[in-house]
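Trainee: have a look at this fold, sequence not included:
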Ligand SMILES: [Zn+2]
């Protein structure tokens, strides 16, 4: 640890944005992500709408939740609710 640079703080996933994230966007591409594989993006207050709209436009399942850096949950798997027919 400490050699070769620090792990960056949890910043927005928008390209070029270095603002600390306030939101976590959980999404999945049903065409390439089989099963329960969930992708996670982080977003600042300014870009959360942009990023979620990007995903909604592709009809991907998207869930936006508040991101709490204290808990740092972003690498944990997320269980999606089952569909009830
Ligand atoms: Zn941003």
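Mentor: Ah, there it is. Please read all numbers here as calculations on a predicted model, not as lab measurements.
Trainee: is any residue of the helix or strand harbouring residue 40 near the ion?
Mentor: Assigned by DSSP states H and E, residue 40 falls within strand 39-43. No. Shown here: strand 39-43 not in contact with the ion (C-beta under 5 Å from the ion), separated by at least 6.0 Å. (Glycine included, C-beta is placed from N, CA and C.)
Trainee: who touches that strand?
Mentor: For strand 39-43, contacts defined as C-beta atoms under 8 Å, 6 or more residues apart in numbering pick out 10-14, 21-29, 33, 50-52, 64, 67, 74, 78.
Trainee: which of the residues you listed count as buried?
Mentor: 12-14, 21-28, 51-52, 64, 67, 74 (16 or more other C-beta atoms under 10 Å).
Trainee: farthest pair in those?
Mentor: Greatest spacing in the buried ones among the contacts of strand 39-43, by C-beta to C-beta: 22 and 28 (21.7 Å).
Trainee: the residue nearest to residue 48 when sequence neighbours are not counted: what's it in contact with?
Mentor: Using C-beta to C-beta, 6 or more residues apart in numbering and skipping residues adjacent in sequence, the residue nearest residue 48 is residue 23, 4.2 Å away. Applying C-beta under 8 Å, 6+ apart to residue 23 gives the contacts 42-45, 48, 64-67.
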